[in-house]
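>>> Build the 3D model from these lines:
(chains A and B)
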Amino acid sequence: MSNFIDRPRYACALGGAIGTLRAIPRAIPIIHSSAGCGHNLQNAINAGSGYLGGGYCGGLSLPSTNISERDVVFGGEKRLREQIESTLEIMDGDLYIVLTGCMVEMIGDDIDAVVSEFAGCDKPVLAVHTPSFRGNSYVGYELVLNALISKFIPRVHEKTPGTVNVLGIVPAQDVFWQGNLREIKRLLQRLGLNVNTLFGEGETLESIAKAGEAVLNIVVSDVYGIRAARKFEEIHGIPFIAAGFPIGIDASAEFLRAVTQTLGLDSAMTEEVIRQEKAIYYGYMERLADIYNDIDLQRYAIVVGDSNYAPAVSRFLSDQLGWLPQLAVVTDILDETEKSTVAARFHGFESGIEPQVRFDTDTSSVKRYLAESWPRNHNERYFDSMQPAVIVGSVFERDIASEFNVPLLTVSYPVTNRAVLNRAYAGVSGALSLTEDLISVLVAGR
Amino acid sequence: MDYLNAKSAPAREDRLKTNIAFGGTCAQIKGCISAGCFGKNGCLNLAGRRFSQTYGCQFSLSLSTLNTLRKTVIIMHGPVGCGICSIATVGVNQNFKRLRDPNAEGIIWLSTNLDEADVINGGEKKLREAVLYADREFRPETIIVANGCVPALIGDDTDSILADLDTKTAADLAEVHCEGFKTKVMATAYDAVYHTILKKYLKKPDRREYLVEPDLEKLKEQYRISRNVNVLTVSSMSRQDELELQRLLNALGLNVTFLPCFAEPEDFRYSLESSLNVCICGTHDDYFVEHVKAKYGIPFMIDTMPIGRKNTDRWIMKIAEHFGLEKEAKNLIAFENRLLNESLEPFRKALAGKSAFLAGGEVRIIATAEILQDLGMRIAGFKAHHFDQFIEPVFSALENVDDVLMGVATNQPFEQSNLLNRLKPDVFITHTGGNNIAAKHGIPILPLFGPSFNYLGYSGVFEVARRLNRIIKNSQFNRKLSENTSLPFKKSWYEKDPFAYVRMHEI
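Numbering: from 1, shown residues only, chains lettered A, B, ... in the order given. The predicted model follows:
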């Protein structure tokens, strides 16, 4: 039983599916739904994801059956068949995926039957059931992966040693998905692995088709991509590890060690890689030794984000940047097991700091938790306030940041106040970018 | 007109016989109007497409007005995706509201987040909780429930829930029935929103009543009302546009109230103390002004859109005629034209002979074309979101457009891409959205509207000229994109007739 949500930070399953397909070159979505679904979701994906744009076939180019009342009464199958035929005529793609909206699922259109009529086409046509009421964007990501894993990726019995897939970074919903995937790939490649991130720089539809060759799925999340990884295990016999979302040199080192251990790689080589990465990382970080200490750049922090960012950023702030993350709000819709897995990530920080962790989907709740997280000033002459502070969140935190007069860095969806291209926050170079951006916010007036 | 006893506004394909799929020339469109195609026959009314691309539904377009209302919380009653497009305006919306009230809040909305269980059991409980939470947490003046497709299909009785809750909330409750699947004409949204405004917002303001009204007070009151006009705004307008229109009407001695965009609930009440409702865009407001005339006796003016010199002249003149201010208006128009005309000379030199393609709302593109002709530019073609009877008066400011191509399509970048490829205009003036495709044609693009730019009135003509001149100076961004990225349409598509997929009668 879910609740209403005050300003949700994700779209629906259909939205997540559109965002995910946006990341696959030459994949053509065919939306079977009312006219407005694609348009509405595209507006959210484009702006919320740092101006991701429609790309090749996204945005208002999304083919859509645009069913209306008449179809709701008589069924939309005929219209869907016509739309698939005409899409194949006009749109230049390598994979066509029918995505469904609420209406057609509720009226009971037999989408799979219609799509199966196109089984003999040159290019594959698949169907994914993505009605909004099945869940949010993260669910849409899983549903698309599920369809690819079970209907598109060929089964390979002879796995290719040293080949791994990366799951758990949700395109568009992770605003920095492309940069993050690149960085995760770079780190894993340093271990001599052949890395398939499915989406992102250099990956094509061919990469996805080859995903069955991997010996391991590395899920860089405690929540997203886990279902996909299980599906991979079931259908393709590929085991997985849930390694968490690493930000910072220490988290990245742990991540590399976990992969090394799972794959039985040479740990001496891994330690050498970590040593080199550390040298690079601190080579840059050393620059800040002056200003950080000259003007006291330590801050209290409030972190608001999804299950990947909230714990990873909190830990990075605490253990690498030496800040004081006081409060973390995880904004996803999670079940109890997922909550406890994510909550565990906030324990055991090296600094000894224990942020207060709240799971809440409502934007207005952040302010309430912030008020609860620190004693009130009852007009005391000497009051130890939670200042200076920084909020690391989404653009929804802008009001609270201005109310409490603290700077804001937007890292989690929606991010409408920044244009994002290849920036990463994950891994080692991502942590450098994150540090750059955080400190830049603080020195912006100098 | 009286639809107010109905639960929701009728779809425009029924009420106005609006068309959304057509390919021909301006002369043919004009012929449609004179042949009475928007009468009972509605011969183009059921046209559709064998291939279609996504476009806005009345839910998302309703939000473009609802989100601007101040002191209001919106509840998106539907699954979590419905209305999520509000994210795109979360920042600018607050900035624009603050141009009217420095303390205004940004958009606050709640989603009832209907899930699979709600589809079976109904979403009424969540709606109740959401309304009560919104009232307690944000203390708005109004809470508006925007109804999506799912609650309509599962049969949530939202009207009675709100009627019941109205006694439990400090805020006034209102509901907009803007279910996307109910209409193919996105512009039905305007009627859906006005339907709610008419029913819930419009009531006589609370004023102190005199026991015995002194004559002088009564005369003062009558005089005040006799100088008031409401100008009905569209959400694509800017504050600068409002200020320009206000300046012009103030010059005639009229006081202006802008509605409905960026208004606060109270403004609608005072709008009844007015002598004339003035439309900026004919296809936007007829539902509202007709009802107000029928119910409150306030006359209205629907004519052209005040974009371009001749259109602005005509718009001012029509208003002046209502108040018997023709002489003043003529002086104003002559003065404004003299100043503006001189200022356009350098741009005419740079822009004359260049061709432009315009795409977007029917009234807006035809009106904007007047600026281009004023600058000596050539109109290569039009693509209108939809067309209906309100297009007619706007054509009169244009010369020699009978043979100009006119497509009708709500978005549909595939047709647009084919047209751009054929017509190869020097500049493309277009509605937002779909520009990932348009940009790859390598041509400079001027947004057809922009809520932070001035397009309307005389100053708008200068601003559009100035920006066009700037934009064509360097189109390297789009040119380089076109050289290095590809369009998603097969080559064979460009060999086909751009309207090959239009079907005159829907299945």
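
>>> same question for whichever strand or helix holds B:Ala163, mean pLDDT?
Secondary structure from DSSP states H and E places B:Ala163 in helix B:158-165. For helix B:158-165, the mean per-residue pLDDT is 94.

>>> who's in contact with it?
Applying Cβ atoms under 8 Å, 6 or more residues apart in numbering or on different chains, the external contacts of helix B:158-165 come out as B:7, B:77, B:124, B:127-128, B:131-132, B:145, B:147, B:151, B:173-175. C-beta: built from backbone N, CA, C; applies to glycine.

>>> now with 7 Å?
Outside of helix B:158-165, the residues within contact range by Cβ atoms under 7 Å, 6 or more residues apart in numbering or on different chains are B:7, B:77, B:124, B:127-128, B:131, B:145, B:147, B:151, B:173, B:175.

>>> just stretch B:171-182 next, same as before
Stretch B:171-182 is contacted from outside by A:34-36, A:67-69, A:72, A:103, B:7-8, B:11, B:57-59, B:62, B:66, B:131, B:135, B:140-149, B:152, B:158-159, B:162, B:165-166, B:189, B:192-193, B:196, B:200, using Cβ under 7 Å, 6+ apart.

>>> Give the buried residues for the helix holding B:Ala163.
Neighbour-count burial for helix B:158-165 flags B:158, B:161-162, B:165 (criterion: 16 or more other Cβ atoms under 10 Å in any protein chain shown).

>>> next one: stretch A:254-272
Those would be A:255-260, A:262-263, A:265, A:270, for stretch A:254-272 by 16+ other Cβ under 10 Å.

>>> closest to chain B among these?
Ranked by distance to chain B (Cβ to the nearest Cβ), the buried residues of stretch A:254-272 are led by A:Phe255 at 31.1 Å.

>>> how about that closest one, what does it touch?
When contacts are counted by Cβ under 7 Å, 6+ apart, A:Phe255 touches A:243, A:246.

>>> and it, that's in a strand?
No - counting by DSSP: H, G, I helix; E, B strand; the rest coil, one finds A:Phe255 to be helix, located in no strand.

>>> which residues sit in contact with B:Ala189?
Contacts of B:Ala189 (Cβ under 7 Å, 6+ apart): B:58, B:61-62, B:178.

>>> Give me the phi and psi for it.
As for B:Ala189, its main-chain torsions (degrees, to the nearest 10) stand at phi -50, psi -40.

>>> coming back round to it: among the contacts of stretch B:171-182, which are in helices?
A:35-36, A:69, A:72, A:103, B:58-59, B:62, B:66, B:131, B:135, B:149, B:152, B:158-159, B:162, B:165, B:189, B:192-193, B:196 (DSSP state H).

>>> I'd like to know which of the residues you listed are buried.
The neighbour count (16+ other Cβ under 10 Å) marks A:35-36, A:69, A:72, A:103, B:58-59, B:62, B:66, B:131, B:135, B:149, B:152, B:158, B:162, B:165, B:189, B:192-193, B:196 as buried among these.

>>> Select, from the contacts of helix B:158-165, the two members most distant in space.
Across these, the longest distance by Cβ to Cβ is 19.4 Å; it joins B:Lys7 and B:Arg128.

>>> Please identify which of the two sits among more neighbours.
B:Arg128 (17 against 10; other Cβ atoms under 10 Å in any protein chain shown).

>>> if you skip the residues just before and after it, what's nearest to that one?
Spatially, and ignoring its direct neighbours in sequence, B:Arg128 is nearest to B:Ile161 (6.0 Å; Cβ to Cβ, 6 or more residues apart in numbering or on different chains).

>>> what residues are up against residue 332?
You didn't say which chain, so I picked chain A. When contacts are taken as Cβ under 7 Å, 6+ apart, A:Asp332 is in contact with A:138, A:223, A:306-307.

>>> meant chain B, my bad for not saying
B:Leu332 neighbours (Cβ under 7 Å, 6+ apart): B:248, B:251-252, B:316.

>>> Relative to chain A, how far out is it?
Note on B:Leu332: its distance to chain A, by Cβ to the nearest Cβ, to the nearest Å, is 40 Å.

>>> Next: B:Thr368.
For B:Thr368, the distance to chain A equals 20 Å [Cβ to the nearest Cβ].

>>> In this model B:Thr430 seems to touch that residue, though I could be wrong.
No - applying Cβ atoms under 7 Å as the test, B:Thr368 and B:Thr430 come out as separate, 10.4 Å apart.

>>> Name the residue in these two with the higher neighbour count.
B:Thr368 (28 against 23).

>>> What sits closest to that one if chain neighbours are left out?
Spatial nearest neighbour of B:Thr368, excluding adjacent residues (Cβ to Cβ, 6+ apart): B:Ile307 at 5.4 Å.

>>> go on, A:Glu203?
A:Thr197 (5.8 Å).

>>> The one you found and A:Ile184, how far apart?
Distance, A:Thr197 to A:Ile184, using Cβ to Cβ, to the nearest Å: 7 Å.

>>> shared neighbours, these two?
With Cβ under 7 Å, 6+ apart, A:Thr197 and A:Ile184 have common neighbours A:Val166.

>>> Quick check: which element contains the residue in the stretch 201-350 of chain B positioned nearest to chain A?
Going by Cβ to the nearest Cβ, chain A is nearest to B:Ser235 of the stretch 201-350 of chain B, at 13.7 Å. Assigned by DSSP H and E, B:Ser235 belongs to no helix or strand.

>>> Can you report how many residues lie near the residue lying closest to it once chain neighbours are set aside?
With sequence-adjacent residues excluded and distances taken as Cβ to Cβ, 6+ apart, B:Ser235 is closest to B:Ser64, at 4.2 Å. Close neighbours of B:Ser64, defined as other Cβ under 10 Å, add up to 21.

>>> next one: B:Leu46
18.

>>> Three-state assignment for it, please.
B:Leu46 falls in the coil class when you classify it by three-state DSSP.

>>> For residue 75, list the residues it contacts.
All of this refers to chain A. A:107, A:109.

>>> that's the wrong chain, I wanted chain B
B:Ile75 makes contacts with B:109-110, B:112, B:130-131, B:134, B:143, B:145-146, as judged by Cβ under 7 Å, 6+ apart.

>>> Assign the residue lying closest to A:Leu216 once chain neighbours are set aside to helix, strand or coil.
Nearest residue to A:Leu216, sequence neighbours excluded (Cβ to Cβ, 6+ apart): A:Val164, at 4.8 Å. Look at A:Val164: counting by three-state DSSP, its state is strand.

>>> A:Val164 contacts A:Leu188, doesn't it?
Yes - between A:Val164 and A:Leu188 there is a contact under Cβ under 7 Å: 6.4 Å.

>>> so what sits against both of these two?
Common neighbours of A:Val164 and A:Leu188 (Cβ under 7 Å, 6+ apart) are A:Val195.

>>> between those two, who's got more neighbours?
Set A:Val164 next to A:Leu188 and count neighbours by other Cβ under 10 Å: A:Val164 wins out with 24 against 21.

>>> Just the CA trace of stretch A:122-140, in CSV.
What follows is stretch A:122-140, C-alpha atoms only, in CSV (Å, rounded to 0.1, in the frame of the first residue of the first chain):
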residue,chain,number,x,y,z
ASP,A,122,14.2,-7.6,-40.1
LYS,A,123,14.5,-5.8,-36.8
PRO,A,124,13.2,-7.2,-33.5
VAL,A,125,10.0,-5.8,-32.1
LEU,A,126,9.4,-6.4,-28.4
ALA,A,127,6.7,-5.5,-25.9
VAL,A,128,7.2,-4.3,-22.3
HIS,A,129,4.3,-3.7,-20.0
THR,A,130,5.0,-0.4,-18.3
PRO,A,131,1.8,1.0,-17.0
SER,A,132,2.3,3.9,-14.6
PHE,A,133,0.5,2.2,-11.8
ARG,A,134,3.1,-0.6,-11.7
GLY,A,135,5.7,1.7,-10.2
ASN,A,136,8.1,4.5,-10.7
SER,A,137,11.0,5.2,-13.0
TYR,A,138,13.2,2.7,-11.3
VAL,A,139,10.6,0.0,-11.9
GLY,A,140,10.5,1.1,-15.5
